[in-house]
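[1] Quick one: sequence and predicted model below, then my questions.
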Amino acid sequence: MSHIISIHSFRGGTGKSNTTANLAAMLAMKGKRVAVVDTDLNSPGIHIPFQFDLEAPDLGYVLNHYLWGECEIQDVAYDITANLGTGIPGQVYLLPGSIKTSEISRLLREGYDVGLLNQGFDDLIDVLKLDALLVDTHPGLSNETLLSIAITDILLITLRPDYQDYQGTAVTVEVARKLEVPDMRLIINKIPERYDFKQVRELVESKYRCPVAAILPHADEMMTLASQEIFALRYPHHIISQEIRTLVDSFGF
């Protein structure tokens, strides 16, 4: 049985894409077949920690082409397992969005059929025999995001210790409840070390009536890495990597 896991945030800059990339790597380390879909098509970026060259001259289709009816969804899936290094027992596929200005502009101008994207998820799971499909969503609550959340098995909402994030997350949680998401959890990211993590967890869980799945502290190592690698593979014993590993184990598949 496959699981659709959406990683979302109300605002940008929460570390959502890095979290998604690390989750994918950890699942692959457990021997799972995983696909990562970059649906943040206005500003795609999850290809960077995977070291996937979107400017390669021989690059084929990207997600934009599927949404314009120019290819099948599996034509957009690139096996990037080798990019993670050796000894990965599972498999990771990436479905990137275009970084070409003309294609981003076309998407903004013409839009796309969101239903086609959701149908593509089902086709992708079937063709690639996936254990998990990770959806890196566009921040905020657009129509595309709402429809993606509605078919999600597990929704992970990332937020920072910031009052704008707190307010926006409250809206997101309420919408997800109305969409009857079966499993919703919060990831608090970039927490200063001087904070009392236990107190933060208790306050956030009380405010949103939603479990906190992970608390990820601010780390100089993360900032220095600058999204150029998968953090959990570079620093497997770091507290951030341990938190992500515990989160992955909690999925139960």
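    That came through, no problem. Numbering: from 1, shown residues only.

[2] As a check, name the ranges of all helices in the stretch 151-253 of the chain.
    In the stretch 151-253 of the chain, the segments counted as helices under DSSP state H, counting those that start in this stretch are 163-178, 197-208, 220-225, 231-234, 239-250.

[3] I'd like those laid out as JSON lines, including mean neighbour count.
    Bear in mind the C-beta positions are built from the backbone N, C-alpha and C, glycine included. Shown next, in JSON lines, are these (neighbours: other C-beta atoms under 10 Å):
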{"stretch": "helix 163-178", "mean neighbour count": "16"}
{"stretch": "helix 197-208", "mean neighbour count": "14"}
{"stretch": "helix 220-225", "mean neighbour count": "12"}
{"stretch": "helix 231-234", "mean neighbour count": "21"}
{"stretch": "helix 239-250", "mean neighbour count": "17"}
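
[4] The longest strand along the chain packs against which elements?
    Identified as the longest strand of the chain according to DSSP state E is strand 184-191. Judged by 3 or more C-beta pairs under 8 Å, 6 or more residues apart in numbering; DSSP states H and E, the packing partners of strand 184-191 are strand 154-159, helix 163-178, helix 197-208, strand 212-217.

[5] Residues in contact with that strand: which ones?
    Outside strand 184-191, the residues that touch it by C-beta atoms under 8 Å, 6 or more residues apart in numbering are 14-15, 19, 154-161, 169, 173, 176-177, 197, 200-201, 204-205, 208, 210-218, 247.

[6] Which stretches in the stretch 51-200 of the chain count as strands?
    78-79, 91-95, 132-136, 154-159, 184-191 (DSSP state E, counting those that start in this stretch).

[7] who does the shortest one pair up with?
    Same thing as strand 78-79. Sheet pairing of strand 78-79 (DSSP bridges) gives strand 91-95 (antiparallel).

[8] sorry, back to before: nearest approach to residue 114 belongs to which of the helices of the stretch 151-253 of the chain?
    helix 163-178 (15.8 Å; C-beta to C-beta).

[9] so how far is that closest one off the chain centroid?
    Centroid displacement of helix 163-178 relative to its chain, using C-alpha atoms, centre = their mean, to the nearest Å, is 18 Å.

[10] go on, stretch 68-88?
    Distance of stretch 68-88 from its chain centroid, counting by C-alpha atoms, centre = their mean, is 15 Å.
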